[in-house]
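Trainee: Sequence below, structure please.
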Amino acid sequence: MGLSIKKTEFSAEEFERFAAKVRTDLEALTRLLNRPGFGEGESSIGAEVEFYIVNSDLRVQPINTEIAARVQDPQLTVELNRFNLEYNLSPQAFRGSPFARTEQELLAAIRRINRHAASLDGELVPIGILPTLRQSDMGAKVMTDEPRYHALSNALLKQRGEPFSIHIGGNDVIDLEADDVYMEGANTSFQLHWRVPAHRFADYFNAIQLVTPIALALASNSPSLFGHHLWDETRIALFKQSIDSRSPTRKTWRHPPRVYYGNGWARSAWELFAASASLYPPIIPLMSDEDPMAIIDRGEMPELTELRLHHGTTWPWNRAVFDHADGGHLRIEIRSMPAGPTAVDMCANGLFVIGAALAVLDDIGHLTSILPFHYTEHNFYRAAKYGIGAEIIWPHKDQVQLQDTPLLTVARELLPRAREALQQTAVDETEIHRLLGVIEGRIEANLSGARWQRHITESLLRSLSPDEAFRSMLSLYMANQKKNRPLHEWALSP
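Mentor: Coordinates of the predicted model:
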């Protein structure tokens with residue numbers, strides 16, 4: 001969705017032409033996937049980090065376009081709401097210390113952006129959902145004035161035909177309606193890209209799908225919204241509902257939600273792109289002049305612009321990505337992890353999810369045959385709701401019968417296997433030891449960002465009003481975050 005567009009309304013004919021071009025791109029993708037050597041090359045990672053902008057009172061500060069204009073960095077982009085920014089980190093070869101390089105680049109970017117933001121009374125905070133966010137901070141008034149966001153909003157609202165309805169349970173239920181897509185902007189995330197071999201894409205993708213619930217629980221950092229204590233990863237429920245374009249009243253067939261976990265274990269990369277084209281109506285039908293078949297006939301690499309645009313307007317928690325760069329390749333975009341608490345914590349989450357996927361990769365055919373897909377989806381939502389306290393259904397190679405297992409038990413078993421799998425890669429031992437040590441620290445301390453936030457807030461509520469308690473907790477969070485000290489080393493007393 002990082003595209004630049006000029007218009008926000010489209011005709012029925014434009015939608016039809018676009019859908020036809022997407023189908024042509026799918027045929028072209030088939031040819032590319034069958035091309036000898038397609039997608040071979042060195043593994044690499046990349047990441048995107050979304051931020052809140054706060055003022056000196058620790059309330060949201062809607063100045064993203066002003067900051068972006070001052071910073072003038074092509075890797076910095078404005079997000080849906082005016083109090084959010086996103087930084088796109090440079091791709092790194094998956095060898096040596098890829099996450100240390102990512103971490104240093106991120107810390108330098110934060111310092112640079114904050115220098116420009118300070119004169120506007122602004123500061124970046126990487127956190128899943130800002131604890132001091134108020135309902136009065138939201139509304140169409142805070143949406144960034146960019147045609148792509150207006151086009152997105154118009155299309156989703158038109159399909160739905162009524163306001164978006166948000167219901168999230170937890171210790172303290174929340175029910176609200178939104179007349180636009182601005183609630184989506186309450187979520188900020190750390191999105192990891194991992195380039196994997198095209199000929200084994202389905203195995204790698206299924207491995208990521210299997211281990212994502214463990215990584216999500218350990219990374220959870222979004223326990224509240226508008227002062228309500230909700231899920232450990234409230235973002236997961238909020239994002240799904242805040243842009244659900246399905247009409248609740250329509251009696252005809254409905255496509256699935258555009259934010260989803262998957263439709264089953266993947267059998268090929270192609271089917272993931274084909275499913276998004278067949279299940280979801282286009283919402284931004286921008287056309288290019290590209291003739292992908294002619295480009296392939298010349299032995300060159302097409303961009304598949306329409307397919308990539310359409311696929312980018314569906315939001316599976318793990319998404320297949322086609323990229324024409326570097327001779328053409330495939331990536332997995334791991335989208336469910338929250339922003340924060342620190343750069344080192346986010347990098348640890350990234351290395352762990354890759355290591356855990358590599359640990360189960362060789363057995364993935366067997367594991368997916370004994371675990372029906374809907375159980376891994378169940379695991380994902382349990383992890384989002386209960387975090388490190390979740391119980392999940394986890395398959396074992398020698399298991400006779402599936403059963404509930406504490407998520408932390410699975411994490412403890414998976415961690416040494418992830419370390420072992422990573423030691424077979426070109427990543428340095430020091431990087432593996434340092435970052436998996438952060439994950440181990442969280443497991444042993446029985447602590448996540450969500451649990452830390454909740455614990456500190458509850459302690460403060462004994463002597464402060466809810467508003468003051470959330471604000472004081474955020475102040476402590478930001479003080480710790482600036483030191484880039486991993487979460488498990490943070491004090492548990494306010």
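Trainee: in the stretch 151-300 of the chain, which spans are helices?
Mentor: Secondary structure of the stretch 151-300 of the chain (DSSP state H, counting those that start in this stretch): helices at 201-219, 234-242, 269-279, 292-297.
Trainee: Format those helices as CSV; extra columns: mean neighbour count and distance to Leu435.
Mentor: To be clear about C-beta, it is placed using only N, CA and C from the backbone, and glycine gets the same treatment. Converted to CSV, the helices of the stretch 151-300 of the chain look like this (neighbours: other Cβ atoms under 10 Å; distance: least, Cβ to Cβ, whole Å):
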stretch, mean neighbour count, distance to Leu435
helix 201-219, 26, 12
helix 234-242, 24, 23
helix 269-279, 19, 28
helix 292-297, 16, 40
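Trainee: Point out the one among those helices that comes closest to Arg35.
Mentor: helix 292-297 (7.9 Å; Cβ to Cβ).
Trainee: elements contacting the closest one?
Mentor: helix 12-33 (3 or more Cβ pairs under 8 Å, 6 or more residues apart in numbering; DSSP states H and E).
Trainee: The helix it packs on relative to helix 269-279, how many degrees between them?
Mentor: 170 degrees (axes from the mean of the first three to the mean of the last three Cα atoms, to 10 degrees).
Trainee: Centre of the chain to the very next helix or strand once past helix 12-33, how far?
Mentor: Remark: after helix 12-33, the chain's next helix or strand is strand 44-54, criterion DSSP states H and E. Centroid displacement of strand 44-54 relative to its chain, using Cα atoms, centre = their mean, to the nearest Å, is 10 Å.
Trainee: Same question for stretch 141-148.
Mentor: So, by Cα atoms, centre = their mean, the centroid of stretch 141-148 is 21 Å from its chain's centroid.
Trainee: For Arg235, see how far away the residue lying closest to Val60 once chain neighbours are set aside is.
Mentor: Spatial nearest neighbour of Val60, excluding adjacent residues (Cβ to Cβ, 6 or more residues apart in numbering): Phe83 at 3.9 Å. Distance, Phe83 to Arg235, by Cβ to Cβ, to the nearest Å: 16 Å.
Trainee: do the same with Val22
Mentor: According to Cβ to Cβ, Val22 and Arg235 sit 29 Å apart.
Trainee: do Asp398 as well
Mentor: On the measure of Cβ to Cβ, Asp398 and Arg235 end up 36 Å apart.
Trainee: ok, now Phe205?
Mentor: 22 Å.
Trainee: next one: Glu303
Mentor: From Glu303 over to Arg235 (counting by Cβ to Cβ), the distance is 31 Å.
Trainee: wait, what's in contact with the most centrally placed residue in the chain?
Mentor: Note on the chain: the residue nearest the mean C-alpha position is Arg335, at 2.2 Å, using Cα atoms, centre = their mean. Residues near Arg335 by Cβ atoms under 8 Å, 6 or more residues apart in numbering: Ser189, Gln191, Trp315, Pro316, Trp317, Asn318, Arg319.
Trainee: and the residue nearest to Glu489 when sequence neighbours are not counted, which of the three is it?
Mentor: Of all residues not flanking Glu489 in the chain, Gly441 sits nearest, at 7.1 Å (Cβ to Cβ, 6+ apart). The three-state assignment at Gly441 reads helix, by DSSP: H, G, I helix; E, B strand; the rest coil.
Trainee: Could you list the buried residues of stretch 341-358?
Mentor: 341-358 (16 or more other Cβ atoms under 10 Å).
Trainee: Could you pull out the strands in the stretch 301-450 of the chain for me?
Mentor: Here the stretch 301-450 of the chain has its strands, by DSSP state E, counting those that start in this stretch, at 318-323, 329-334, 391-393, 404-406, 426-427.
Trainee: Redo these as CSV? Include mean pLDDT and distance to Arg200.
Mentor: Converted to CSV, these look like this (pLDDT from 0 to 100; distance: least, Cβ to Cβ, whole Å):
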stretch, mean pLDDT, distance to Arg200
strand 318-323, 96, 13
strand 329-334, 98, 10
strand 391-393, 97, 25
strand 404-406, 95, 28
strand 426-427, 98, 18
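Trainee: got TSV for those, with distance to Ile168 and mean neighbour count too?
Mentor: As requested, the strands of the stretch 301-450 of the chain are exported to TSV (distance: least, Cβ to Cβ, whole Å; neighbours: other Cβ atoms under 10 Å):
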stretch	distance to Ile168	mean neighbour count
strand 318-323	22	21
strand 329-334	23	24
strand 391-393	20	19
strand 404-406	23	13
strand 426-427	38	17
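Trainee: To Phe94, which of these lies closest?
Mentor: Using Cβ to Cβ, those put strand 426-427 closest to Phe94, at 6.6 Å.
Trainee: Who are the packing partners of the closest one?
Mentor: Using 3+ Cβ pairs under 8 Å, 6+ apart: strand 426-427 touches strand 95-96.
Trainee: Repeat the analysis, applying 10 Å as the threshold.
Mentor: Judged by 3 or more Cβ pairs under 10 Å, 6 or more residues apart in numbering; DSSP states H and E, the packing partners of strand 426-427 are strand 95-96, helix 98-118, helix 343-361.
Trainee: Tell me which of these lies nearest to Glu16.
Mentor: helix 343-361 (39.2 Å).
Trainee: Now do the closest one: distance to the chain's middle.
Mentor: Using Cα atoms, centre = their mean, the offset of helix 343-361 from its chain centre is 14 Å.
Trainee: what do you get for stretch 46-57?
Mentor: Chain-centre distance of stretch 46-57: 14 Å, with Cα atoms, centre = their mean.
Trainee: buried stuff in it?
Mentor: Neighbour counts over stretch 46-57 (16+ other Cβ under 10 Å) mark Gly46, Ala47, Glu48, Val49, Glu50, Phe51, Tyr52, Ile53, Val54, Asn55 as buried.
Trainee: can you list those in TSV and add pLDDT?
Mentor: Putting the buried residues of stretch 46-57 into TSV (pLDDT from 0 to 100) gives the following:
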residue	pLDDT
Gly46	98
Ala47	98
Glu48	98
Val49	98
Glu50	96
Phe51	97
Tyr52	96
Ile53	97
Val54	98
Asn55	98
